[in-house]
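K.L.:
Generate a structure from the sequence data that follows.
(chains A and B)
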Amino acid sequence: MLAADPRTRARRGRMTTAQGTVETPAFMPVATGGAVKGVTADVLRALGAEIVLANAYHLYLRPGVGVIQELGGLSRFMGWNGPVLTDSGGFQLFSLRTLVRLGEDGVRVRSHLDGSLHELDPAKIVAIQEAFAVDVLMPLDDCAPYPADHARLSSAVDRSARWLAQSKAAWTGSGALFGIVQGGVDPELRGESTRRTVDLELPGYAVGGLSVGEPRPLFYEIAEATAECLPADRPRYLMGTGTPEDLVRLVALGYDLFDCVLPTRNARNGTLFTSVGRLNVRNAAYARDPSPPDPECDCPVCRTHSRAYLRHLAVSGEILSACLNTIHNLAFYFRLLADMREALEQGRFPEYTSGILGRMSAVDHSP
RNA sequence: GUGAGUGUAGCUCAACGGCAGAGCACUGGACUGUGGCUCCAGGGGUUGUGGGUUCAAAUCCCAUCACUCACC
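P.N.:
Numbers count the residues shown, from 1 in each chain, chains lettered A, B, ... in the order given. Have a look, this model is predicted:
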């Protein structure tokens, strides 16, 4: 930890890995298949990315472990040459609906690419990620859907904990293996999962099984209670979240790492995050609007292009639409995190938080 | 000029005597550890025009206009 402010649980930190340093709180852009869709590695770095998230399961299916290993590891393969975190594919077991069998020792899945069958287990997922030479490894876990009954949540907690122990046993020590807390929105199961995960004394801890459709108040309740039970001297990673407002509130709860498809996926679907709220660039209202997407943004897109042009690109289905929208949205996210880090360093995080949340909610309630 | 064909939503077309629809386009919304420029919703019609037959016409009949093709 680099700075502390007794008025908040937010932390300003630094995570050092073999391939680089990550200033936290940090946002990790999502590059599931080895690419942040529509953006080059150079641009990513210029925008302020310090670590990217890829997916071990997707990359294992294609191009395969051998290809990435021969080409010098995932980071080099991508031309990124910085820290990389790979998700295990545990999330895909419930999101992709390709699960064939969820067993005690592993899973059998059917490839969404060619229908082939694959047996995966915690040790194999760790081996794949070590072959990829990633900086942060996420273990295979069981992410229960929402809603799920107590028995299902309980089995997800138990299975994830046992798999985590097996992951740790298989881990040779290259990169940092994080633990993942499960338990859905059940406070007691969350508590049990947190204890069993922390007991394994890992380099970092993630909170999974949230942002799967549960009501927002419940999400924050669980996120807050869980953060309080995680060790203060290790990075806390809240998986798969969130909106800009979510990130501000979660940093305030003591989380350090985030990933989310929202800035990149929304960009491709025409929604921009701006200092004046969400902006759907396809709206007819912007057809002749000469102003930049976000008047307070200094990103390359806002410095160069009008809303009218971005609307034209989006309506026309131009590839450039996805590229420019993604650049802006990522710039917005990275700047938000940079602003929070600066506020933490200067001891004015509570003031910054109330200010920006006030602006965001004021925008949300505008007509 | 003669003959044939076609006229239905902005566009391309269904419905062929019984509540006028689809796709695209348009308008708005959604997207939270990313198979998918995807998903959801909405607006939009005196069926070219004027008559006729019928309980009932986009549909059948007559006229007329426009367009297309063929032949003079």
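
K.L.:
right, is the host helix or strand of residue A:246 up against RNA strand B?
P.N.:
Under the criterion of DSSP states H and E, residue A:246 resides in helix A:244-252. Yes. Interface with RNA strand B: helix A:244-252 contributes residue A:246 (Cβ under 7 Å from any atom of the strand). Every C-beta, even on glycine, is put in place using the N, C-alpha and C of the backbone.

K.L.:
got the contact list for the next helix or strand after that helix?
P.N.:
Once the chain leaves helix A:244-252, the next helix or strand it forms, by DSSP H and E, is strand A:257-259. If you take Cβ atoms under 8 Å, 6 or more residues apart in numbering as the criterion, strand A:257-259 is touched by A:15, A:22, A:24-30, A:53, A:85, A:87, A:204, A:206, A:235-242, A:247, A:250.

K.L.:
Report the buried members of the residues you listed.
P.N.:
Buried members of the contacts of strand A:257-259, scored by 16 or more other Cβ atoms under 10 Å, are A:15, A:22, A:24-30, A:53, A:85, A:87, A:204, A:206, A:235-242, A:247, A:250.

K.L.:
Now, the residues you listed that are in helices?
P.N.:
A:247, A:250 (DSSP state H).

K.L.:
Next to RNA strand B, which bits of the stretch 51-200 of chain A? Give me the list.
P.N.:
A:53, A:55, A:87-88, A:90-92, A:95-96, A:112-113, A:138, A:141, A:143, A:180, A:182.

K.L.:
By pLDDT, rank the residues you listed and give me the bottom one.
P.N.:
Comparing pLDDT over those, the lowest score belongs to residue A:96 (80).

K.L.:
Provide a list of residues in contact with the closest residue to it other than its chain neighbours.
P.N.:
Sequence neighbours aside, residue A:112 is the residue nearest to residue A:96 in space, at 5.6 Å (criterion: Cβ to Cβ, 6 or more residues apart in numbering). By Cβ under 8 Å, 6+ apart, the contact list for residue A:112 reads A:61, A:96, A:98.

K.L.:
so which of those residues is the most crowded?
P.N.:
residue A:61 (21 neighbours; other Cβ atoms under 10 Å).

K.L.:
one step back: would you turn the contacts of residue A:112 into TSV with secondary structure?
P.N.:
TSV is the format used below for these (DSSP: H, G, I helix; E, B strand; the rest coil):
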residue	secondary structure
A:61	helix
A:96	coil
A:98	coil
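
K.L.:
What is the nearest of the residues you listed to RNA strand B?
P.N.:
Among those, residue A:96 lies closest to RNA strand B (Cβ to the nearest atom of the strand), at 4.9 Å.

K.L.:
how far away is that closest one from residue A:214?
P.N.:
As judged by Cβ to Cβ, to the nearest Å, residue A:96 and residue A:214 stand 20 Å apart.

K.L.:
Check the offset of the longest helix anywhere in chain A from the chain's centre.
P.N.:
Ranked by number of residues, the top helix in chain A under DSSP H is helix A:319-345. In terms of Cα atoms, centre = their mean, to the nearest Å, the centre of helix A:319-345 is set 14 Å apart from its chain centre.

K.L.:
ditto for stretch A:224-237
P.N.:
When distances are taken as Cα atoms, centre = their mean, stretch A:224-237 is centred 16 Å away from the chain's centroid.

K.L.:
That one close to RNA strand B?
P.N.:
No. For stretch A:224-237 and RNA strand B, the contact criterion (Cβ under 7 Å from any atom of the strand) is not met; the two come no nearer than 9.3 Å.

K.L.:
what's the burial count for residue A:287?
P.N.:
With other Cβ under 10 Å as criterion, residue A:287 counts 12.

K.L.:
picking up where we left off before, after the longest helix of chain A comes which helix or strand?
P.N.:
Sequence-wise, the next helix or strand downstream of helix A:319-345 (DSSP H and E) is helix A:349-364.

K.L.:
Tell me which stretches of the stretch 1-150 of chain A form strands.
P.N.:
Using DSSP state E, counting those that start in this stretch, the strands found in the stretch 1-150 of chain A span residues A:13-17, A:20-24, A:26-28, A:52-55, A:84-87, A:99-102, A:107-110, A:117-120, A:136-137.

K.L.:
Out of those, name the one with the poorest average pLDDT.
P.N.:
strand A:99-102 (a mean of 84).

K.L.:
ok, residue A:263 - contacts?
P.N.:
Contacts of residue A:263 by Cβ under 8 Å, 6+ apart are A:29, A:273, A:326, A:329, A:330, A:332, A:333.

K.L.:
The fourth one touches residue A:272, doesn't it?
P.N.:
Yes. Residue A:329 sits in contact with residue A:272 when judged by Cβ atoms under 8 Å, with a separation of 6.2 Å.

K.L.:
list the residues that contact both of these two?
P.N.:
Shared contacts of residue A:329 and residue A:272 (Cβ under 8 Å, 6+ apart): residue A:266.

K.L.:
who's in contact with the worst-scoring helix or strand of chain A on mean pLDDT?
P.N.:
For chain A, counting by mean pLDDT, DSSP states H and E, helix A:349-364 ranks last in confidence among helices and strands (a mean of 80). Contact partners of helix A:349-364, identified using Cβ under 8 Å, 6+ apart, comprise A:5, A:7-8, A:10, A:244-245, A:248-249, A:252, A:275-277, A:336, A:339-340, A:343.
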